[in-house]
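A.B. asks: Fold the following.
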Amino acid sequence: MSGYILCQVRRARVPYYIENISANIYSIEELCFYLYHNIYLLDSSIINEELCFWIRDELGLKKLSQKLYGLLDDQVKIGDFILPIFKEINYLSLDEFRRLNQQIQKLAQEPAVLRQKLKGDYLMEHGKYVNAIKVYQKALHEKEEHTTQENGNLGGQFAGGIYHNMGCAYAKLFQMDEAIHCFSLAYEHLRTMASIKSYLYAVYMEYGEEALEDKARQLGVDDERRDDILLEVEIAADELFETADGKEYARALEEKKKGNFDVYRETMEKMLTRLTGEYHKSTGY
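C.D. replies: Model (predicted):
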């Protein structure tokens, strides 16, 4: 696959909106790029009749649209559905598509709830924290609804991993109360020092050193280990507070300590609104 691919088909006037990453695409080249680089996100939100209609009406590819629409009726596998799209502009070599199809087949053999977690992890890695949280919540809901047999050997460690990653997503959005709640649930499932560190980090960020020390004692962390964790947390917090978002968050916390809860909430709401807006702007939505 070359580094640059010239547009061979007209660009759409009306973009196709990809819900998973909150992004708009305008050409078949952009569609191929998304399909190739986002196999964890290929589901009914992209493989549906709306995509077929968009390819027909906006790109003018009526034959391709008809073929894809017919495949939908057969409940075709993901790999078989996306192959005609790649072939339309010779986007992939045969070897490249074979490797891609092997990845898709391997993913399809995993339990549905594991695929959801992998999707959330992928979104987290690419900074899509809002959507990652939604996917993690869905994974947890599916895990509760399905039997142990359907979920394979996925147990408490699996759920703990989801809660931990969801806590990280909330922390990235400076929603520390939600992060603390998720980290506490992660600790209940994992009981590891890593889960304790994440839990105490969120406590420190929201309530300060004294609260961290109290929580550490509740969790049975010895004094030496607690001091080590506190040092790590302080270093990480100092680095965060040097950023523009960190400074704004620090100011909000100061207002909270003074008892100015309305100012604290107003500052946090404005900050989260701006962060969410920047997130959507960065993804093209």
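
A.B. asks: From now on I want contacts and neighbour counts done on CA atoms only, so please keep to that.
C.D. replies: OK.

A.B. asks: Specify the local secondary structure of Y17.
C.D. replies: strand (DSSP: H, G, I helix; E, B strand; the rest coil).

A.B. asks: Next, count neighbours for it.
C.D. replies: Residues within reach of Y17, counting by other Cα atoms under 10 Å, total 18.

A.B. asks: Which helix or which strand is home to the closest residue to it other than its chain neighbours?
C.D. replies: Leaving out its chain neighbours, the residue that sits closest to Y17 by Cα to Cα, 6 or more residues apart in numbering is N24, at 4.5 Å. Assessed by DSSP states H and E, N24 sits inside strand 23-25.

A.B. asks: Okay, now the sheet partners of that strand, with direction.
C.D. replies: strand 16-18 (antiparallel) (DSSP bridges).

A.B. asks: isn't the residue nearest to Y17 right next to Y16, touching?
C.D. replies: Yes - judged on Cα atoms under 8 Å, N24 makes contact with Y16 at a distance of 5.5 Å.

A.B. asks: the helices in the stretch 151-285 of the chain, which residues?
C.D. replies: For the stretch 151-285 of the chain, helices defined by DSSP state H, counting those that start in this stretch occupy the ranges 156-172, 176-190, 193-207, 209-218, 223-241, 244-257, 261-282.

A.B. asks: Looking at those, which is nearest to E58?
C.D. replies: Closest to E58 of those is helix 261-282 (Cα to Cα; 23.3 Å).

A.B. asks: what residue ranges in the stretch 151-285 of the chain are flagged as low confidence?
C.D. replies: Low-confidence regions of the stretch 151-285 of the chain, defined by pLDDT under 70, span residues 151-154, 268-285.

A.B. asks: How about the stretch 1-150 of the chain?
C.D. replies: Ranges of the stretch 1-150 of the chain meeting pLDDT under 70: 1-9, 74, 145-150.

A.B. asks: Follow the chain on from the strand holding N24 and name the next helix or strand.
C.D. replies: Following strand 23-25 in sequence, per DSSP H and E, is helix 28-37.

A.B. asks: Show me what whichever helix or strand comes after that following helix is in contact with.
C.D. replies: Once the chain leaves helix 28-37, the next helix or strand it forms, by DSSP H and E, is helix 49-57. With Cα atoms under 8 Å, 6 or more residues apart in numbering as the contact definition, helix 49-57 has outside contacts at Y16, L61, K62, K63, L64, S65, Q66, L68, Y69, L72.

A.B. asks: what do you get for stretch 67-75?
C.D. replies: With contact meaning Cα under 8 Å, 6+ apart, stretch 67-75 is reached by N48, E49, C52, F81, P84.

A.B. asks: Neighbour-wise, give me the winner out of those residues.
C.D. replies: C52 (21 neighbours).

A.B. asks: picking up where we left off before, show me the one of the helices of the stretch 151-285 of the chain that comes nearest Y136.
C.D. replies: Of all the helices of the stretch 151-285 of the chain, helix 156-172 sits nearest to Y136, with 6.3 Å by Cα to Cα.

A.B. asks: For that closest one, which outside residues touch it?
C.D. replies: Helix 156-172 is contacted by residues 117, 121, 124, 129-130, 132-133, 136, 140, 176, 178-183, 185-190, 195, 198, 202 when judged by Cα under 8 Å, 6+ apart.

A.B. asks: again with stretch 114-134
C.D. replies: Around stretch 114-134, the neighbours that count as contacts under Cα under 8 Å, 6+ apart are 20-21, 40-41, 107, 135-136, 138-139, 151, 162, 165-166, 169-170, 172-173, 276, 279.
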